[in-house]
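> here is my input, please return the structure:
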Amino acid sequence: MDKERTADYLKLLKQLRDAGIPSEIFSGDTKNLTKQIKYGDKVGIPFAVIAGSDEFEKGEITVKNLQAGKEKAKETSDREEWLKAEDIQETIKAADMVKYLKEKISS
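Numbering: from 1, shown residues only. Next up, the predicted model:
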């Protein structure tokens, strides 16, 4: 999490909550993405929305499907193979975030 982008993160959070998607912002060690993802796994969060300065500049976000990632991790120990798996991670236009997540949650 880029501290200078806090207002942007809060805007994303509001968009998700306004759309009825339960959401939270990880407020722990924000420089360690692995800790953030592990926290999401631990509390049963199905998707992580990842956005840094580069993504904001491009108008994009990355959505990581934590449930699919956990299932794929059971099947392989090869990180490269895991990263290539479908439905684990996708970069989308930020404007499509709510629609994308609603579709994924309902399927």
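
> hmm, which helix or strand of this protein has the shakiest average pLDDT?
When each helix and strand of the chain is scored by mean pLDDT, DSSP states H and E, helix 79-84 comes last, with a mean of 64.

> which other residues reach whichever helix or strand comes after it?
Using DSSP states H and E, the next helix or strand after helix 79-84 towards the C-terminus is strand 89-93. Contact partners of strand 89-93, identified using CB atoms under 8 Å, 6 or more residues apart in numbering, comprise 55, 59-65, 69, 83, 100. C-beta here means a position set from N, CA and C on the backbone, and glycine is covered the same way.

> so the helix or strand just after strand 89-93 versus strand 89-93, what angle?
Using DSSP H and E, the helix or strand that directly follows strand 89-93 along the chain is helix 97-106. Orientation note: helix 97-106 sits at an angle of 140 degrees relative to strand 89-93 (axes from the mean of the first three to the mean of the last three CA atoms, to 10 degrees).

> mind checking the pLDDT average for helix 97-106?
Averaging pLDDT along helix 97-106 yields 94.
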